[in-house]
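Asks: Give me a 3D structure for the following:
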Amino acid sequence: MAKKRMREKGDDELFAVHSMVREFSERLSNYESLPTLSEVLVELLNGKTLNVASKQRVMRIIQLLRFQSGYVSQLSTRLQPRDQVVADLYIDALLGCNSELNDALLNYKVIPQIHPIGTAPILYFLTAESNGHSPKENAEIGAVMCALQLAQQSQIENARECLCGTFFVAGRIDQNHCSVKCRVKAHQSSEEFKAKRREADRKRYRLHRDGKVKETNRRINGTKKTR
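Replies: Prediction:
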């Protein structure tokens, strides 16, 4: 009877996280660390389960959480009592951001669950819908729940998007790229780098014009370096 009641309440959703629990248990037995919330969120955002619309909804919620954190930080640390006009603007923006965020979260009806593995119990969420959800919807719920927990822990900035479109977990506060290749590419595309390169080209041109630097035979004959 008890087993039947559990199934009627939608407890079959536990099978959706069975593979996750088994994977975590195997990692613990092999003395491997469990993935952090930031790593789980990044994996979901980089994966193929979320479609374009789902990812856009998740990214908008992450953006709103970051805006909210920024507004609160500005109000608590930078504004003086005499800056009432500016404070009112921040408060209006904060309330508007919070209203949009709560409206978006109304779409996610979940049941919190605990699995007692690791050094601390793992919190995960099941859908509260009786008819269940598709893998895409489950992934979206998982990503949103990760983002909310990261925001609560003041770690929402840990998960970032590189210019190449890849999401990554930042190891430093100033890390904005997923790899050295992307960091170099972004630097070479910056206006500062282009300005320095133009200045170096002009300086080299003047030296050649004044005869202070001679071209090599390869350059004089118009040949190009082989790759």
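Asks: Please put the alpha-carbon coordinates of stretch 153-168 into CSV.
Replies: Once non-C-alpha atoms are left out, stretch 153-168 reads as follows in CSV (Å, rounded to 0.1, in the frame of the first residue of the first chain):
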residue,chain,number,x,y,z
GLN,A,153,25.5,31.8,-1.7
SER,A,154,26.8,35.0,-3.5
GLN,A,155,28.5,32.7,-6.1
ILE,A,156,26.3,33.5,-9.2
GLU,A,157,29.3,35.2,-10.8
ASN,A,158,31.3,31.9,-10.8
ALA,A,159,29.5,30.7,-13.9
ARG,A,160,30.4,32.9,-16.9
GLU,A,161,30.0,32.9,-20.7
CYS,A,162,33.1,33.3,-22.9
LEU,A,163,33.0,35.3,-26.1
CYS,A,164,33.1,32.1,-28.0
GLY,A,165,29.8,31.0,-26.4
THR,A,166,31.2,28.4,-24.1
PHE,A,167,30.2,28.6,-20.4
PHE,A,168,32.9,28.0,-17.8
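Asks: Please state the offset of that stretch from the chain centre?
Replies: A distance of 3 Å separates the centroid of the chain from that of stretch 153-168, by Cα atoms, centre = their mean, to the nearest Å.
Asks: need the longest helix for the protein.
Replies: Ranked by residue count, the top helix of the chain under DSSP state H comes out as helix 52-77.
Asks: which other helices and strands contact it?
Replies: helix 37-46, helix 84-105, helix 135-152 (3 or more Cβ pairs under 8 Å, 6 or more residues apart in numbering; DSSP states H and E). Bear in mind the C-beta positions are built from the backbone N, C-alpha and C, glycine included.
Asks: helix/strand/coil for L123?
Replies: strand (DSSP: H, G, I helix; E, B strand; the rest coil).
Asks: Burial check on it, number of neighbours?
Replies: 12 (other Cβ atoms under 10 Å).
Asks: what's the answer for Q149, then?
Replies: 17.
Asks: Show the contacting residues for it.
Replies: The contact partners of Q149, by Cβ atoms under 8 Å, 6 or more residues apart in numbering, come to 37, 123.
Asks: where in this structure is pLDDT low?
Replies: Residue ranges of the chain with pLDDT under 70: 1-33, 76-82, 117-120, 130-133, 190, 193, 210-227.
Asks: Can you pull the domain assignment for it?
Replies: 2-164, 190-220 (automatic domain parsing).
Asks: one step back: in JSON lines, list the helices and strands packed on helix 52-77 along with distance to R198.
Replies: Below are the helices and strands packed on helix 52-77 laid out as JSON lines (distance: least, Cβ to Cβ, whole Å):
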{"stretch": "helix 37-46", "distance to R198": "37"}
{"stretch": "helix 84-105", "distance to R198": "40"}
{"stretch": "helix 135-152", "distance to R198": "42"}
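Asks: for those, which one sits closest to R66?
Replies: Across the helices and strands packed on helix 52-77, R66 has its closest neighbour in helix 135-152 (8.1 Å, Cβ to Cβ).
Asks: Just want the angle from the closest one to helix 52-77.
Replies: 10 degrees (axes from the mean of the first three to the mean of the last three Cα atoms, to 10 degrees).
Asks: follow-up on the earlier one: got the buried residues for the longest helix of the chain?
Replies: Applying a neighbour-count criterion of 16 or more other Cβ atoms under 10 Å, the buried positions in helix 52-77 are 54-55, 57-59, 61-62, 64-65, 67-68, 71, 74.
Asks: Many thanks, I have nothing further to ask.
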